[in-house]
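Engineer: Okay, structure incoming, though there's no sequence with it:
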């Protein structure tokens, strides 16, 4: 059986991930939050594709408003702490080995981290 190669995902075998280079601030995010794309490409304008990325917060980094997007998002907290909420009593602190799966259209955040954190995220659109 043969499967088509996707223009949005490449074949990558096990390899060491360089954690020191290749980081950049995602569009619309404040300073102190950086991403490293591991695989794929998400075309938000065309509503197709997928990506796997690492997202890291420096200690004290924060977003100032909730996010909402039109693709699925799965998030796994690898290191540190992640605080979800606006700093009120409704804010919840999560630690390592916690996971979220969000369908399109769900508001989430804002986010902050006291000690810094590292997240593994997978973003994807439903198949047409």
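Structural biologist: Perfect, thanks for sending it. Only a predicted model underlies this, so the values are computations on that prediction, with no experimental measurement involved. Numbering: from 1, shown residues only.
Engineer: measure residue 14 to residue 25 for me?
Structural biologist: Distance, residue 14 to residue 25, using CB to CB, to the nearest Å: 28 Å. Where you see a C-beta, it was placed from the backbone N, CA and C, and this is true even at glycine.
Engineer: higher neighbour count, those two?
Structural biologist: Shown here are residue 14 and residue 25; by other CB atoms under 10 Å, residue 25 has more neighbours (12 against 5).
Engineer: quick one: terminal-to-terminal distance for stretch 68-84?
Structural biologist: End-to-end span of stretch 68-84 (CA to CA, to the nearest Å): 14 Å.
Engineer: got it, and stretch 108-120?
Structural biologist: With CA to CA as the measure, the ends of stretch 108-120 fall 16 Å from one another.
Engineer: again, but for stretch 107-114
Structural biologist: Its start and end residues considered, stretch 107-114 measures 22 Å (CA to CA).
Engineer: Adjacent strands (with direction) for the helix or strand hosting residue 121?
Structural biologist: In this structure, residue 121 sits in strand 117-124 according to DSSP states H and E. Strand 117-124 pairs in its sheet with strand 48-57 (antiparallel), strand 72-80 (antiparallel), by DSSP bridges.
Engineer: which outside residues touch the helix or strand that comes right after the shortest one?
Structural biologist: Right, the one you point to is strand 72-80. Going down the chain from strand 72-80, the next helix or strand is strand 82-84, by DSSP H and E. Identification of contacts with strand 82-84 by CB atoms under 8 Å, 6 or more residues apart in numbering yields 57, 91-94, 98, 108-114, 117, 119.
Engineer: Packing partners of the helix or strand following strand 82-84?
Structural biologist: Remark: after strand 82-84, the chain's next helix or strand is strand 92-94, criterion DSSP H and E. Secondary structure elements in contact with strand 92-94, counted by 3 or more CB pairs under 8 Å, 6 or more residues apart in numbering; DSSP states H and E, are strand 82-84.
Engineer: partners of the strand it packs on in the sheet?
Structural biologist: strand 92-94 (antiparallel), strand 111-112 (antiparallel).
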